[in-house]
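**Student:** got a structure for you, letters missing:
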């Protein structure tokens, strides 16, 4: 078996920093694709999970918004070939009832994205875990599961392509394929990070009146630059919560018009709802993972939408991943994207 060496950003202690080290990885298994990573977005989920990952599965390589070029494919892979430009998204089994019904975001084996497995090695042979969302794209080369890999146009800027696999897909997919607002509908977006602003862009593209709700004036200003409206309507027909915060969810429910819909896309804990408000107003509350999107079909549609993703992105050299992560956590940037030489 061929062994290659690359660079990867390791989290070595729960909640610890990203540390870039030399690692080794084997050639792809039958259902895997070897990808040379050209860019990788840092998602809020990466930052949350490095603070929760069990010590027994460390060191770990995170990252799940990769893009790059295929260098080799396993014997069972038919969807891509060496030389193809690809974006990487989440993993699914493709065999359960949800996957066969066209909803792989709710795969009955969705824990595949969070299991991790020995995927790299340090030069001394010590195991390094990977397989995060089937890819672990905070590395110069990865062996990604075939279900994660989506062909994209070769000329697409990798810095703009990388976020499509999760944050942009989640925000835009929630609008386009879950809420499905009509032109002129009022859509409130609570939380204007990369997911929320992607929802703003998609709703604007559909001709909706979009209301950004965020305590950060710079983020609200960016939403306005992207086409959101600077008004405060009494009611809105659709709402998206990206925060996962109980008080924000309560506010969103309180602002919905009768038979309005709230989509919950933010990672959170428990939230109390007023049952009578929801019941008497016919309000629908819908949980959404990854925009309810099948990456293989949705990412090409997303590329065709030509959303101004460049307004969200700040590029960093891969070696500066810890700086990029800190800037993201502090709200200094919306979507940091790592670039690889």
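**Tutor:** Yep, it's here. Owing to the predicted nature of the structure, the values given are computational and were not obtained by experimental measurement. Residues are numbered from 1 along each chain as shown.
**Student:** Provide the backbone phi and psi angles at residue 119.
**Tutor:** Per-residue torsions, residue 119: phi -120, psi -20 (degrees, to the nearest 10).
**Student:** go on, residue 328?
**Tutor:** Here residue 328 shows phi and psi, under degrees, to the nearest 10, equal to phi -70, psi -50.
**Student:** what's near enough to touch it?
**Tutor:** 42, 44, 47, 335-336 (Cβ atoms under 8 Å, 6 or more residues apart in numbering). To be clear about C-beta, it is placed using only N, CA and C from the backbone, and glycine gets the same treatment.
**Student:** one more time with 6 Å, if that's ok
**Tutor:** Residues near residue 328 by Cβ atoms under 6 Å, 6 or more residues apart in numbering: 42, 336.
**Student:** Make residue 1 into 502 and carry on from there
**Tutor:** In the new numbering, first residue 502, that becomes residue 829.
**Student:** Break down the stretch 552-701 of the chain into its helices, ranges please.
**Tutor:** Assigned by DSSP state H, counting those that start in this stretch, the helices in the stretch 552-701 of the chain fall at 598-601, 613-616, 659-662, 668-674, 695-706.
**Student:** List the contacts of the first one.
**Tutor:** This points to helix 598-601. 593-594, 607-609.
**Student:** cool, the fourth one as well?
**Tutor:** Taking contacts as Cβ under 6 Å, 6+ apart, the residues outside helix 668-674 that touch it are 544, 695-696, 699-700, 703, 766, 791-794, 799, 803.
**Student:** can you check the last one too?
**Tutor:** Residues from elsewhere that reach helix 695-706 (Cβ under 6 Å, 6+ apart): 668-669, 671-673, 675-677, 688, 690, 711, 724, 727-729, 741, 743, 808, 813, 835-836.
**Student:** Narrow those to just the buried residues.
**Tutor:** Among the contacts of helix 695-706, the ones that count as buried by 16 or more other Cβ atoms under 10 Å are 668-669, 671-673, 675-677, 688, 690, 711, 724, 727, 729, 741, 743, 808, 813, 835-836.
**Student:** Which of these fall within strands?
**Tutor:** 688, 690, 711, 741, 836 (DSSP state E).
**Student:** residue contacts, residue 572?
**Tutor:** 535, 537.
**Student:** Quick one, which of the contacts of helix 598-601 are buried?
**Tutor:** Counted by 16+ other Cβ under 10 Å, the contacts of helix 598-601 give 593-594, 607-608 as buried.
**Student:** Now for the residue minimising distance to the centre of the chain: which residues touch it?
**Tutor:** Centroid check for the chain by Cα atoms, centre = their mean gives residue 667 as the closest residue, at 2.1 Å. Contact partners of residue 667, counting by Cβ under 6 Å, 6+ apart, are 544, 565-566.
**Student:** wait, which of those is closest to residue 518?
**Tutor:** residue 544 (17.0 Å; Cβ to Cβ).
**Student:** Please report how far the closest one lies from residue 768.
**Tutor:** Going from residue 544 to residue 768 by Cβ to Cβ, to the nearest Å gives 11 Å.
**Student:** what's the answer for residue 666, then?
**Tutor:** For residue 666, the distance to residue 768 - Cβ to Cβ - is 17 Å.
**Student:** Looking at these two now, which is surrounded by more residues?
**Tutor:** The neighbour count for residue 666 versus residue 768, taken as other Cβ atoms under 10 Å, is higher for residue 666 (33 against 12).
**Student:** so what pLDDT did the more buried one get?
**Tutor:** On the pLDDT scale, residue 666 is placed at 97.
**Student:** what's the answer for the one 10 residues further on, then?
**Tutor:** For residue 676, the model assigns a pLDDT of 98.
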